[in-house]
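Participant: Need coordinates for the following:
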Amino acid sequence: MQLTVPNNESDEHTPILRDHRARFQALTPASSPPGAKHHELRPVASRSSLSRRSSNISSRFFQPRASEYDAADNGLYATVGGRQWYADYTTIDWLHDVVKDSYRKAHLQQLKGVRGHLVNSWDAVQGYLLVAIIGIVTAAIAYCIDVTESLLFDLKTGHCTSNIFANKHACCAGSASEVCGEWANWSQYILETGSESFEYCIYVLFAVMFAVSASLLTMTTASERPSGRIFYLAAGSGIPEVKTILSGFVIRGFLGFRTLVVKAVGLTLGVASGLSLGKEGPFVHIACAVGNIFCRLFQKFHFNEGKRRQILSASCAAGVATAFGAPIGGVLFSLEEVSYYFPSKAMWRAFCCAVTAALTLKFLNPHATGELTLLKLDYERSWTGPDLVVYVVIAFIGGIYGTLFNNLNTLWTRRIRGLSYLKRHPVLEVLVLVILTSSFSYQNVFTRISGTDLVRKLTSPCREGSESHGLCPANEYEITKVLGHLLLALIIKIMLTVCTFGSAIPAGIFVPTMVVGSLIGRMVGLALHYVHLSHTLGFFEPNHSPAAYAMIGAAATLAGVTKMTVSLSVILFELTGSLDLVMPFMLTLLVSKWASDAIDRLSIYEKVINTKELPYLENHAIASIAEAAELLPPGRPREAITLELQGRYISAFVLREKIDDLETLGEDDVGLCLVDSGLLKGYLGLKEIKACLELITDESALCTIDLEGPGNESLGTQWKQHELAVDPANLTLYVNRTPLTLHRSAPVTLAFEMFNKLGLAYLCIMDGPDLVGVVTKKDILRYLKGR
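Facilitator: Predicted coordinates:
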């Protein structure tokens, strides 16, 4: 079939596949092979306004994939081939995006003179400008969440008579006595008399209302995975999914605008309800969503998934910086915990993003104290040799607790939360949890307050004239009484945290884990103080206060649960501002992680990844003597992924049959290997084939795959000058003519390292010149899971 092209000019903004259905006219057959029929194109209205990369901000934000992924003249066609946008739950092609960016840079470097200098300077500054914007916006969102959550949490017990929008701390800031006259309990305000039962009912009512509202909001982000399982994009901390995305997988909607709004609002309501959850982990998800949205302002990040993930790594640092007031710890967290590819430039951008976020939050002053956090600690006495022995004991307890918690939470998720009824009604689980949480927490003075306030009180030293919060007993009897309250609070917090984490509500794990560790450390400190008052310990005389042991306990449990070390030590240092505790922190984290790894090496995030069956490939070597051919799945025959070329044309009917066969086999991340006379000639992605076939309704139409066409430079020039007739069924533009191959007898370890180090989406397995099959990253995961 011969096509004519209108005389409207194309430029670098012209997508690969314009709206051909409105622009091309079918003429009499001229150069088509015998038997070829006309293409039957669907008559639809022009979408030229959507096919251009519009500079309009709203279209960038809310229609981010209206344009094609690769520009028409980016020079990819004769090498790695052009691409469509990556499909949901598939692997990105890191090599394709690296080559794509190198061509873009080479084009910019060819520009000379003042214009070339300005263009290249603007290109260099875009990344830093973007991460600065992300840091500012993330800090603003964190400020709104902190202020609103604090107000709603205190609203369960009363309100400020002088300012309805003030929380209890701000309302009573100017009060000279312990009793705040401007803060009115609900029983006093409504009944004009004190009633404990009425206060309890109001407390539970507000908690239920906040938690159920947060869970109902989370339900709006339901998404069905290819396996058929339903996931809620705004539920949980989001860190396991962020790790999966940064490793190179696509999870559509997880970092979208709607998920961002639901996550922020749901997190505020969830924490305000008093459930045993934190907001620090979800801040990482929120920061990544902000980064993903603002990437759409700059084409080099929006149209390159590899470079986009560098910005998302920097965004993670901003999330930690706003959560803990720890910009350096945020950078190390992104490097150690979530990032898969972290070059030196990404580290600088992460540092810029974290510092911008921390400075913005400092100026916004959400806690009305002038500090980024509420845990600025200063202990009068330094640690001594005997204290190190206590630190090791606490670290060992924290490591054992971390492993037990991870396994108990996983067991609860699979055995209880996995029940069919709770699967269909996840809001019911949240309702039961919030009723139990508010009922138990109200009865204990330590569990009634928020998690952050509890950690602050447990880690605050006892000083004359300061608030003791009942944690500074003077004799053995008072110590015993306080230990009883702390033990009850510890049991309540452990049970509720095990059941709450992973429910259908935005929830983090940092603060609940710190609460448990602080309770353990404070109890150990008070027990030592009890022994000190009743007996003389001689040379073994710990010097630190029980509050310092509480902070060590928080570090120990965090290391046991998350398996973090270097980044966590810096986060804790920045969080507390105590230089004297740096060495105790480091020792505690080492011992805790060793104790935890001795039982189970998986962190809570890796447990969640395995439970949700997320396609995350660990970035470490494997021990195996198997051959690469063993990676090929037995249920995928060679014929299903092979397309035999016989000339330049292939029937659209044959291509549709190939696609149907792959979809029947459940293969959504593999394409077709192009073979000519037994030799591998190229690779064609499934998404690209589908995109072209959508433009054709005639089953007998012929598609073009011409691997003997013009070279790279001439192809781009002819496209731009319209000397090459662009056919909607011309698949040549999408063929990767240089796919990476590996011999079938090569060790599995080599294939694993190629996927890890090169970021491959697929690898062709060969037996000499003959194709054996194709291995994808999901095949690697299946192999590792079945070992």
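Participant: Can you pull the phi/psi pair for N736?
Facilitator: When read as degrees, to the nearest 10, the backbone of N736 gives phi -90, psi 110.
Participant: how much space is there between it and V208?
Facilitator: Using C-beta to C-beta, to the nearest Å, one obtains 55 Å as the distance from N736 to V208. Glycine gets a C-beta too; all of them are placed from N, C-alpha and C.
Participant: Settle it for me: which of those two has more neighbours?
Facilitator: N736 (24 against 17; other C-beta atoms under 10 Å).
Participant: who does that one bridge with?
Facilitator: Y683 (DSSP bridges).
Participant: Okay, strands next: where are they in the stretch 301-450 of the chain?
Facilitator: Counting by DSSP state E, counting those that start in this stretch, the stretch 301-450 of the chain forms no strands at all.
Participant: swap in the chain?
Facilitator: Ranges of strands in the chain, per DSSP state E, are 3-4, 25-26, 158-160, 183-185, 222-224, 230-232, 642-644, 649-651, 672-676, 679-684, 702-704, 741-743, 762-767, 770-776.
Participant: Where among those is average confidence lowest?
Facilitator: Sorting the strands of the chain by mean pLDDT places strand 25-26 lowest, at a mean of 34.
Participant: Show me the one of the strands of the chain that comes nearest S460.
Facilitator: In terms of C-beta to C-beta, the element of these nearest to S460 is strand 183-185, at 21.4 Å.
Participant: what about that closest one, distance to the chain center?
Facilitator: 40 Å (C-alpha atoms, centre = their mean, to the nearest Å).
Participant: counting contacts, what elements does it pack onto?
Facilitator: If you count contacts as 3 or more C-beta pairs under 8 Å, 6 or more residues apart in numbering; DSSP states H and E, strand 183-185 packs onto strand 158-160.
Participant: make it 10 Å
Facilitator: With contacts defined as 3 or more C-beta pairs under 10 Å, 6 or more residues apart in numbering; DSSP states H and E, the packing partners of strand 183-185 are strand 158-160, helix 168-171, helix 196-219.
Participant: Phi and psi next, for A701.
Facilitator: phi -70, psi 150.
Participant: Okay, it and V261: tell me how far apart.
Facilitator: 44 Å.
Participant: Could you do Q646 as well?
Facilitator: Q646 is 53 Å from V261, where distance means C-beta to C-beta.
Participant: Tell me which of those two has more neighbours.
Facilitator: The neighbour comparison of Q646 against V261 (other C-beta under 10 Å) goes to V261, with 17 against 8.
Participant: Contacts only, for the more buried one.
Facilitator: Counting by C-beta atoms under 10 Å, 6 or more residues apart in numbering, V261 touches 141, 217, 220-221, 234, 286, 289.
Participant: Of those residues, which pair is most distant in space?
Facilitator: I141 and T220 (18.7 Å).
Participant: Now do the helices in the stretch 201-350 of the chain.
Facilitator: For the stretch 201-350 of the chain, applying DSSP state H, counting those that start in this stretch gives helices covering 239-246, 257-272, 280-294, 299-302, 305-324, 327-333, 344-364.
Participant: swap that for the stretch 401-550 of the chain, sorry
Facilitator: 420-424, 426-442, 451-458, 476-500, 510-534, 546-562.
Participant: Please identify which of the ones you listed is closest to K612.
Facilitator: Closest approach to K612 among these (C-beta to C-beta): helix 420-424, 13.1 Å.
Participant: Give me the packing partners of the closest one, helices and strands only.
Facilitator: Here helix 420-424 touches helix 426-442, going by 3+ C-beta pairs under 10 Å, 6+ apart.
Participant: Check which helices and strands the helix it packs on sits against.
Facilitator: Judged by 3+ C-beta pairs under 10 Å, 6+ apart, helix 426-442 is in contact with helix 196-219, helix 420-424, helix 476-500.
Participant: Would you tell me which of those gets closest to G560?
Facilitator: Across those, closest to G560 is helix 476-500 (C-beta to C-beta), at 12.8 Å.
Participant: what's the distance between the closest residue to G306 other than its chain neighbours and L361?
Facilitator: The shortest distance from G306 to any non-neighbouring residue, by C-beta to C-beta, 6 or more residues apart in numbering, is to D97 (3.4 Å). According to C-beta to C-beta, D97 and L361 sit 33 Å apart.
Participant: Between these two, tell me which one has more neighbours.
Facilitator: A direct count of neighbours by other C-beta under 10 Å for D97 and L361 places L361 higher, at 27 against 23.
Participant: wait, what's in contact with the more buried one?
Facilitator: By C-beta under 10 Å, 6+ apart, the neighbours of L361 are 135-136, 138-140, 142-143, 146, 318, 321-323, 325, 327, 367, 372-373.
Participant: do A507 as well
Facilitator: Shown in contact with A507 (C-beta under 10 Å, 6+ apart): 214, 218, 235-238, 266-267, 270-271, 275-279, 281-282, 430, 497, 500-501.
Participant: Per-residue pLDDT of it, please?
Facilitator: 91.
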